[in-house]
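Trainee: I would like the atomic coordinates for the input below:
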Amino acid sequence: MRTTIQLNDQLHQLAREYAVMHGKTFTAVLEEALREKLLKRDKKPNSKRISLKTVKGQGLQAGIDLDNNAGLLDLMDAR
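Mentor: I've put the predicted structure just below:
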């Protein structure tokens, strides 16, 4: 796709020099930079660390099945 963009003169010059030094076209350098920035899937920049509180205990009570949501709700309602 052909498009027109406006770049800062210094950034444009740096990109042109990079392209020449690496034997790439200016377009290839822009595509590479956009892919690196937009398709990067490392971490979310605004992700916050979550801490969970724990309590001392003996583990699960007998008869508790964490894979049975309905059963868990029944047990919680019974208390």
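Trainee: secondary structure class of I64, three-state.
Mentor: Here I64 is recorded as coil under DSSP: H, G, I helix; E, B strand; the rest coil.
Trainee: for it, what are its contacts?
Mentor: 72, 75 (Cβ atoms under 8 Å, 6 or more residues apart in numbering). C-betas here are computed from N, CA, C, even on glycine.
Trainee: quick one: it and V55, what's the gap?
Mentor: From I64 across to V55, the span is 15 Å (Cβ to Cβ, to the nearest Å).
Trainee: do the same with F26
Mentor: F26 is 60 Å from V55, by Cβ to Cβ.
Trainee: these two: who's more crowded?
Mentor: More crowded of F26 and V55, by other Cβ atoms under 10 Å: F26, with 13 against 4.
Trainee: find the nearest non-adjacent residue to A28, please.
Mentor: Excluding the flanking residues, the one nearest A28 by Cβ to Cβ, 6 or more residues apart in numbering is A19, at 7.0 Å.
Trainee: backbone phi and psi for that neighbour, please?
Mentor: phi -60, psi -50 (degrees, to the nearest 10).
Trainee: what's the answer for Q6, then?
Mentor: According to degrees, to the nearest 10, Q6 has phi -110, psi 130.
Trainee: alpha carbons only: can I get stretch 22-40 in PDB?
Mentor: Output in PDB follows, covering the C-alpha atoms of stretch 22-40 (Å, rounded to 0.1, in the frame of the first residue of the first chain):
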ATOM      1  CA  HIS A  22      22.100  -2.200   6.600                       C
ATOM      2  CA  GLY A  23      21.500  -2.600   2.900                       C
ATOM      3  CA  LYS A  24      17.800  -2.100   3.200                       C
ATOM      4  CA  THR A  25      15.300   0.200   1.700                       C
ATOM      5  CA  PHE A  26      13.800   3.100   3.600                       C
ATOM      6  CA  THR A  27      10.400   1.300   3.300                       C
ATOM      7  CA  ALA A  28      11.800  -1.900   4.700                       C
ATOM      8  CA  VAL A  29      13.200   0.000   7.700                       C
ATOM      9  CA  LEU A  30       9.900   1.700   8.400                       C
ATOM     10  CA  GLU A  31       8.000  -1.600   8.100                       C
ATOM     11  CA  GLU A  32      10.500  -3.300  10.500                       C
ATOM     12  CA  ALA A  33      10.200  -0.500  13.000                       C
ATOM     13  CA  LEU A  34       6.400  -0.600  12.900                       C
ATOM     14  CA  ARG A  35       6.300  -4.400  13.200                       C
ATOM     15  CA  GLU A  36       8.600  -4.300  16.200                       C
ATOM     16  CA  LYS A  37       6.600  -1.700  17.900                       C
ATOM     17  CA  LEU A  38       3.100  -2.800  17.100                       C
ATOM     18  CA  LEU A  39       3.400  -6.600  17.100                       C
ATOM     19  CA  LYS A  40       5.500  -6.900  20.200                       C
END
